[in-house]
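*Asks:* just to be clear, the model below is a prediction. Sequence and coordinates:
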Amino acid sequence: MRILQECKFSWFFMDLQSVASPGVEGFVHITELALVPRQRSAGGELELPSPPQRRKPRPQGARLPPPGACRVVFLGTGYWFFWSIVLLSLFGILAAYSSLLVVLAFLLVWEGYELYLHWCHKIVILIVIMIGSFFLWILCKFWRDRWLTAGLSLQVFAPYIHLSSITVMVILSWPVAFYLIHLEEEARVRRYKMAHNNRERTKRCNIITKLRALQVAIGLPFFFILLCLYVVPLGIHSPCIQEEGKLGPKPDFFGHRGAPMLGPENTMMAFEKAVEQGAYGLESDVHLSYDLVPFLMHDSDLRRTTNIREVMPNASFTHSSLFTWSFLSTLNAGKWFVRSRFKPFYKMKRLSKADREKAENQTIPRLTDLLELAQKEQKFVIFDLNGPTQKHPLRNTYVRHVVSVILASKIEQHLIFWLSSFDRQYVRNAAPGFQQVGRLFSIERLTKENISIINVDYKRLFYSGLRDYKAANITINLYIVNEPWLYSLAWCSRIHSVTTDNIQILRQINHPYFFMTPGYYMFMWLFMDSVSAVLIVTIFYFHWWRERKKEMFDNASIYTDTYQGSSNVSTKAPFRVMESPWTLAALYPTLTKNTKKHPGTRHFLVVPKKKASEPEQVKKTIKPLMPQKDAVRQLASTEKSFEPTWDATRKATFQTALPSPKMNKPVISSLEILESETEPEHTSSSEPSQESSLIMFSTTSSIFSSGLLSKKN
């Protein structure tokens, strides 16, 4: 604290420093406020140091701050903000809105309605296009390498996208076939009408041309895409499609800043958690304090991972190398992880009570603490060595000092993966046992510097000749690999190790995801192509058959309507065909109409229609039957309630003579109202059809009524 008390802040200078939060590959530019202490001259007076110069640009090939799994940005407010979740939600809503409009438009066109878009929807669609274009420009400008990730994902998901796309094309073939066949029939009908009407021939020719153009505009892209899907496996070269015997060993894990999803990053708790999860090595970032103590810290300032704003708010933007270790060791490095408003990683699980208490008490560790743990557990150590500021005492010799600290820790030299390229020759001489690790250099440079291990970004390696590095027998470590599909791609590509934040999930993968043999994929390819082709042809044939059947039905209806319109003969059946000429209701008004009370009788609910020629045939084939007196007497004696009277007979005769206004109502008739003894005499012949029985009943009823009238007279 004495040094800080003597710091009379001579001036402040502004330096744009790139601070990357875990989970972001892009940079959030914030203002770094560096505090430079005054120095005393030989006479005891304070000397003002010369204004510091800007840092030298990052050398080409140097490692950029790695991306993480949760894609968060640490804003100037000091809180985590999941910008990717917000953007994905926004784009999801806009995509759902646009898709809904497309579906509604398709349904309206299907039903034949004219499309009309309200001005509100037009404005919203314009806003959607502007927002999409703006973010697409930002993506191409600042996160151009994200397109490389999209290309890598196709190497894994291309076979499954291919098979799924064929299924989608089969589903889309139904509306496409319906519309194409409908357009074909419409064009054929118009061409047929054009042959019989010369006046509108030119106009109809234009309409037919438009229909054909619409068919081509819809059908040609559909069949072109379908054909491309059928042959696209010929151009798919995925590392995940290989024989089982050629699959390499499972890649090892380097815990990126420990296990940052299980404990605060770059703390001893995080490194211990990584060791518990079976990490192959430990990765970290090293800074050098003002009093020459190497400590573990990723950012250039202390705002994000310590409580510097509570202890010394005015120094929160100060570069961490300008503080002494006596002050840095007093800062808390775990409360931000537990008490943060948002979790540092989106997929983080809740900590147990014991882990929460342990995380809240974490402090900034020294490099020697990490080396002791690595030596105890026999784990490899790889770290980024960050150079101090311009006025740091060891600005030019910090590498040699760190090497001396490592050698003093008595750790085995082969456990150190030396990553820094600054003053590498001195490191080779001072510590020949260190394993020299390079960046994404050319193979010639790696061979010249005798480097057999590279630590590279996965996006750049797969597009920079992975096969060449494998052929040169170079060991590859990829960073930052957090997703299972990406780890599976690295496994299928025979990568040796990966640096990850998500070690607790990736270690559970025992076989690469989306892996398949060439024979299995070829079988699925040919099977899906064959089945889809048969289904699509069947769908097109069904729509063609249904359209032809509909056309034949329409033509038959038009012919029938024309024939009936040209004929003057009424096709309506006469009144006496629709109902019996002599009904029992007219002859016997007291007869009950509830036929359900007579289960032993036969009932005709609807009188069958008769042809015009049938009465003549009946007169020729059936002899007129005369009613017998015994039958009349028996009817009168046995059924007193049905005894006919003169008034009833005359009323029945009058009702029968006049046409009934309810001509279309069916009349319920009964054939067994007479006695069984008279039945053979009234029915000389039994016909199986209902028509003959009804005709016989009508004839018998007429004769019987005539006999009653003559007897009464």
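*Replies:* Nice, I can see it. Residues are numbered from 1 along each chain as shown.
*Asks:* ok, residues contacting stretch 438-451?
*Replies:* Here stretch 438-451 makes contact (CB atoms under 8 Å, 6 or more residues apart in numbering) with 61-63, 421, 424, 436-437, 452-457, 460-461, 464, 468-469, 472, 474. C-beta coordinates here come from the backbone N, C-alpha and C atoms, glycine included.
*Asks:* against residue 413, how distant is the residue lying closest to residue 404 once chain neighbours are set aside?
*Replies:* Closest residue in space to residue 404, ignoring its immediate chain neighbours: residue 430 at 7.9 Å, by CB to CB, 6 or more residues apart in numbering. When distances are taken as CB to CB, to the nearest Å, residue 430 and residue 413 turn out to be 10 Å apart.
*Asks:* now do the shared contacts for these two.
*Replies:* Taking CB under 8 Å, 6+ apart as the contact criterion, the common neighbours of residue 430 and residue 413 are residue 407.
*Asks:* I'd like the next helix or strand past whichever helix or strand residue 150 is part of.
*Replies:* Residue 150 is part of helix 146-195, with elements assigned from DSSP states H and E. Of the helices and strands lying after helix 146-195 in sequence (DSSP H and E), the nearest is helix 201-231.
*Asks:* now that following helix against helix 146-195, angle please.
*Replies:* The directions of helix 201-231 and helix 146-195 differ by 150 degrees, with axes from the mean of the first three to the mean of the last three CA atoms, to 10 degrees as the criterion.
*Asks:* helix 201-231 - contacts with which helices or strands?
*Replies:* Using 3 or more CB pairs under 8 Å, 6 or more residues apart in numbering; DSSP states H and E as the contact definition, the elements that helix 201-231 packs against are helix 146-195, helix 518-566.
*Asks:* okay, buried residues for it please.
*Replies:* Buried residues in helix 201-231, counted by 16 or more other CB atoms under 10 Å: 204, 208, 211, 215, 219, 222, 226, 229, 230.
*Asks:* same thing with stretch 241-249?
*Replies:* Of all the residues in stretch 241-249, those buried under the rule 16+ other CB under 10 Å are 241, 242, 247.
*Asks:* and the residues you listed, which of them are in strands?
*Replies:* Where the buried residues of stretch 241-249 are compared with strands, as defined by DSSP state E, there is no overlap at all.
*Asks:* low-scoring stretches of the stretch 301-450 of the chain, by residue?
*Replies:* Along the stretch 301-450 of the chain, the parts satisfying pLDDT under 70 run over 340-342.
*Asks:* repeat that with 90
*Replies:* With pLDDT under 90 as the threshold, the stretch 301-450 of the chain has low-confidence stretches at 301, 303-304, 309, 313-317, 336-351, 387-397, 410, 421-423, 440-442, 449.
*Asks:* all helices for it, in order.
*Replies:* 308-311, 325-328, 335-339, 353-360, 367-377, 398-408, 424-430, 443-448 (DSSP state H, counting those that start in this stretch).
*Asks:* how about a markdown table for the ones you listed, with distance to residue 158 added?
*Replies:* As requested, the helices of the stretch 301-450 of the chain are exported to a markdown table (distance: least, CB to CB, whole Å):
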| stretch | distance to residue 158 |
| --- | --- |
| helix 308-311 | 48 |
| helix 325-328 | 49 |
| helix 335-339 | 39 |
| helix 353-360 | 41 |
| helix 367-377 | 40 |
| helix 398-408 | 45 |
| helix 424-430 | 41 |
| helix 443-448 | 28 |
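*Asks:* dump these into TSV; add mean neighbour count and distance to residue 100 as well.
*Replies:* Conversion of the helices of the stretch 301-450 of the chain to TSV gives the following (neighbours: other CB atoms under 10 Å; distance: least, CB to CB, whole Å):
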stretch	mean neighbour count	distance to residue 100
helix 308-311	16	47
helix 325-328	18	56
helix 335-339	18	42
helix 353-360	14	45
helix 367-377	18	55
helix 398-408	17	60
helix 424-430	14	60
helix 443-448	13	53
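*Asks:* for residue 272, which of the ones you listed is the nearest?
*Replies:* Each of those was scored for nearness to residue 272 using CB to CB, and the closest is helix 367-377 (7.1 Å).
*Asks:* gap between residue 273 and residue 480?
*Replies:* In this structure, residue 273 and residue 480 are 17 Å apart, going by CB to CB.
*Asks:* ok, the two, which is more surrounded?
*Replies:* It is residue 480, of residue 273 and residue 480, that has more neighbours when counted by other CB atoms under 10 Å, with 24 against 21.
*Asks:* find me the pLDDT at residue 625, would you?
*Replies:* Residue-level confidence at residue 625 comes out at 53, pLDDT.
*Asks:* what sits against residue 434?
*Replies:* Residues touching residue 434, when contacts are defined by CB under 8 Å, 6+ apart, comprise 413, 414, 416, 417, 418, 427, 428.
*Asks:* now intersect the residues you listed with the strands, please.
*Replies:* Those of the contacts of residue 434 lying in strands (DSSP E): 416, 417, 418.
*Asks:* redo those as a markdown table? Include neighbour count and distance to residue 154.
*Replies:* Compiled in a markdown table, those are given as follows (neighbours: other CB atoms under 10 Å; distance: CB to CB, whole Å):
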| residue | neighbour count | distance to residue 154 |
| --- | --- | --- |
| 416 | 25 | 38 |
| 417 | 20 | 32 |
| 418 | 26 | 36 |
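*Asks:* for residue 137, state which of those is nearest.
*Replies:* Distances from residue 137 to the ones in strands among the contacts of residue 434, taken as CB to CB, are shortest for residue 417 (39.3 Å).
*Asks:* shouldn't the closest one be in contact with residue 379?
*Replies:* No: taking CB atoms under 8 Å as the contact criterion, residue 417 and residue 379 are not neighbours in contact, 10.9 Å apart.
*Asks:* quickly list what's touching both of the two.
*Replies:* Any residue near both residue 417 and residue 379 by CB under 8 Å, 6+ apart counts here, and that gives residue 281.
*Asks:* circling back: out of the contacts of stretch 438-451, which end up buried?
*Replies:* Judged by 16+ other CB under 10 Å, buried ones among the contacts of stretch 438-451: 421, 424, 436, 437, 453, 454, 455, 456, 457, 461, 469, 474.
*Asks:* show me what contacts the fourth one?
*Replies:* Read that as residue 437. Counting by CB under 8 Å, 6+ apart, the residues that residue 437 touches are 382, 417, 418, 419, 451, 453, 454, 455, 477.
*Asks:* of these, closest to residue 237?
*Replies:* Nearest to residue 237 among those, counting by CB to CB, is residue 454 at 23.1 Å.
*Asks:* what's the domain layout of the chain?
*Replies:* Following automatic domain parsing, one gets these domains for the chain: 282-485+496-501, 575-712.
*Asks:* any idea how far residue 246 is from residue 395?
*Replies:* Distance, residue 246 to residue 395, using CB to CB: 50 Å.
*Asks:* do residue 151 as well
*Replies:* If you measure residue 151 against residue 395 using CB to CB, the figure is 41 Å.
*Asks:* now do residue 509
*Replies:* Here residue 509 is placed at a distance of 44 Å from residue 395 (CB to CB).
*Asks:* do the same with residue 427
*Replies:* Distance from residue 427 to residue 395, counting by CB to CB: 18 Å.
*Asks:* over to residue 113?
*Replies:* Using CB to CB, one gets 76 Å for the distance from residue 113 to residue 395.
*Asks:* pretty sure residue 477 is in a strand, no?
*Replies:* Yes: residue assignment for residue 477, taken from DSSP: H, G, I helix; E, B strand; the rest coil, places it within a strand.
*Asks:* run a quick neighbour tally on it.
*Replies:* For residue 477, the neighbour count with other CB under 10 Å is 28.
*Asks:* identify the bridge partners of it.
*Replies:* Beta-bridge partners for residue 477, by DSSP bridges, are residue 455, residue 497.
*Asks:* now the phi/psi pair for residue 115, please.
*Replies:* Residue 115 has phi and psi values of phi -80, psi 130 when expressed as degrees, to the nearest 10.
*Asks:* give me the number of residues near it?
*Replies:* Residue 115, neighbours per other CB under 10 Å, totals 8.
*Asks:* fine by me, we can end here.
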